[in-house]
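Colleague: Here is my input; please provide its structure:
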Amino acid sequence: MTSSIITKKIIAKSLKNLMETESFHKISVSDIMLDCQMRRQTFYYHFQDKYELLGWIYKEETKENITDFIEYEKWENIFNQLFEYFYQNQRFYRNAFKVVEQNSFNEYLFEHTKNLYNKIIDELLVGSGLVVSEEGKSLIASFYSHGFVGTIKDWIENACIVDSSIMSSLMKNMINDQLLLSLQQSANNKVEKL
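Modeller: Numbers count the residues shown, from 1 in each chain. Presented below is the predicted three-dimensional model:
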């Protein structure tokens, strides 16, 4: 890992620590750099402003928890990992969801989970022998990704009162039961149109 990435991660960790108890809007660059015991100018060497830092956190952490595993890890394990990750970081994300001006977390999470759902859909299609158009697959992946983002947001805003393993299990059951049904219906609609 390069020293630039290490420095960015240290700065990011400080913002995350501060956001566990403080609103993003009340945190200044000076606060962040005081927390990580670095010079203020170091911040501007790596980021333009705190919004760019927040976007970098979203991008890096969704990449580390979804994208980096998507090619070699079972999707069920990725859901386990995601719910545990959000449980561990719930105080930060509770405040992060309130930031809507730019670099919205919902957008980052949606894009990455859509890629995950595309993988799940491809796996289910191979196993079932169904044929669904690319447009149909994209629409279904978008629909389920929006549902996932909304579910995560509601769960975090309600202090994660349902255990992360139960949430993951519920999500996996919905995928196994409902997603395959959606694919079957989409494949049937294609056949009926012919």
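
Colleague: Which parts of this structure belong to which domain?
Modeller: Domains of the chain are assigned by automatic domain parsing as 1-47, 51-193.

Colleague: mind checking the SS state of residue 160?
Modeller: coil (DSSP: H, G, I helix; E, B strand; the rest coil).

Colleague: Phi, psi for it please.
Modeller: phi 50, psi 50 (degrees, to the nearest 10).

Colleague: For it, give me the pLDDT.
Modeller: Here the pLDDT value assigned to residue 160 is 96.

Colleague: residue ranges with poor pLDDT in this protein?
Modeller: Within the chain, the stretches with pLDDT under 70 are 1, 102-103, 190-194.

Colleague: quick one: the helices in it?
Modeller: Along the chain, the stretches classed as helices by DSSP state H are 3-19, 29-35, 40-46, 50-65, 75-88, 90-96, 105-128, 134-157, 164-174, 180-193.

Colleague: Would you convert those into a markdown table that also reports mean neighbour count?
Modeller: (Glycine included, C-beta is placed from N, CA and C.) Below are the helices of the chain laid out as a markdown table (neighbours: other Cβ atoms under 10 Å):
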| stretch | mean neighbour count |
| --- | --- |
| helix 3-19 | 17 |
| helix 29-35 | 16 |
| helix 40-46 | 14 |
| helix 50-65 | 18 |
| helix 75-88 | 18 |
| helix 90-96 | 20 |
| helix 105-128 | 18 |
| helix 134-157 | 16 |
| helix 164-174 | 16 |
| helix 180-193 | 14 |
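
Colleague: neighbouring contacts of stretch 22-36?
Modeller: If you take Cβ atoms under 8 Å, 6 or more residues apart in numbering as the criterion, stretch 22-36 is touched by 10-11, 13-15, 17-19, 39-40, 42-44, 49-50, 53-54, 95-96, 98-99.

Colleague: Would you quantify the distance from residue 13 to residue 35?
Modeller: As judged by Cβ to Cβ, to the nearest Å, residue 13 and residue 35 stand 9 Å apart.

Colleague: so residue 66 touches residue 117, yeah?
Modeller: No: between residue 66 and residue 117 there is no contact under Cβ atoms under 8 Å: 10.6 Å.

Colleague: residue closest to the middle of the protein?
Modeller: By Cα atoms, centre = their mean, the mean C-alpha position of the chain lies nearest to residue 109, the distance being 3.2 Å.

Colleague: nearest spatial neighbour of that one, skipping sequence neighbours?
Modeller: Leaving aside its sequence neighbours, residue 109 sits nearest to residue 149 (Cβ to Cβ, 6 or more residues apart in numbering; 5.1 Å).

Colleague: With residue 16 instead?
Modeller: Per Cβ to Cβ, 6+ apart, closest to residue 16 is residue 92, 4.8 Å.

Colleague: What separation do you get for that neighbour and residue 18?
Modeller: Applying Cβ to Cβ, the value for residue 92 to residue 18 is 9 Å.

Colleague: tell me the contacts of the residue nearest to residue 116 when sequence neighbours are not counted?
Modeller: The shortest distance from residue 116 to any non-neighbouring residue, by Cβ to Cβ, 6+ apart, is to residue 66 (5.6 Å). Applying Cβ under 8 Å, 6+ apart, we find residue 66 in contact with 78, 82, 112-113, 115-116.
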